[in-house]
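Q: When you get a sec, could you give me coordinates for this:
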Amino acid sequence: MGSEQTLVLIDTNIFVIDLRYKRDIHFSSNREFLDSIAKMGTGFTTVVNLLEVCGILSFNLSEKQLLELWFYFHDRYKVAVLPDTRLESNFPVVEIHRIFDLLKKKMPLGDALMVAIAKKHLSFISTMITWDKDHFEGKFSGNVLTPEEFKPT
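A: Sure thing, here's the model as predicted:
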């Protein structure tokens, strides 16, 4: 890694487009972004996002496929999943006031959990990548970009 690469929080929709929506208008730029992040090794997501991906895809996957998605997600995308992907671990505890502060900004619970967990484990995080920029602008303390807007440093 270079001396000053930016760690990037990646939202659920990036992974869902890659796994499910190959004909989406953004699929190619989404795929390019995921490939570049994998090469740089600077991407991460939270266990909340991975649970969301699994929940969305659970309707079309067998139990075996769902478990493979869970256990091989890191290998597939080369992103860290915070804080832990062991099925035996507890759901990450984040102080309620941190979640509630985000809810007061009109943020859905899943998004608030993702941001609170990310900030708890990487308080310096400054960049988030999502196709739903409007959900996070003015609510996430750093840059909110689409995969098309992201330019690696």
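Q: helices or strands up against the helix or strand that contains residue 64?
A: Assessed by DSSP states H and E, residue 64 sits inside helix 63-77. Identification of packing neighbours for helix 63-77 by 3 or more Cβ pairs under 8 Å, 6 or more residues apart in numbering; DSSP states H and E yields helix 27-40, helix 47-57, strand 80-82. Just so you know, the C-beta spots here come from the backbone N, C-alpha and C atoms, and that holds for glycine as well.
Q: now with 10 Å?
A: If contacts are counted by 3 or more Cβ pairs under 10 Å, 6 or more residues apart in numbering; DSSP states H and E, helix 63-77 sits against helix 12-20, helix 27-40, strand 43-46, helix 47-57, strand 80-82.
Q: how about the ones you listed in a markdown table, adding distance to residue 64?
A: Output for these, formatted as a markdown table (distance: least, Cβ to Cβ, whole Å):
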| stretch | distance to residue 64 |
| --- | --- |
| helix 12-20 | 16 |
| helix 27-40 | 24 |
| strand 43-46 | 23 |
| helix 47-57 | 13 |
| strand 80-82 | 20 |
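Q: winner for burial among these?
A: Greatest average neighbour count among the helices and strands packed on helix 63-77 goes to strand 43-46 (a mean of 23), per mean count of other Cβ atoms under 10 Å.
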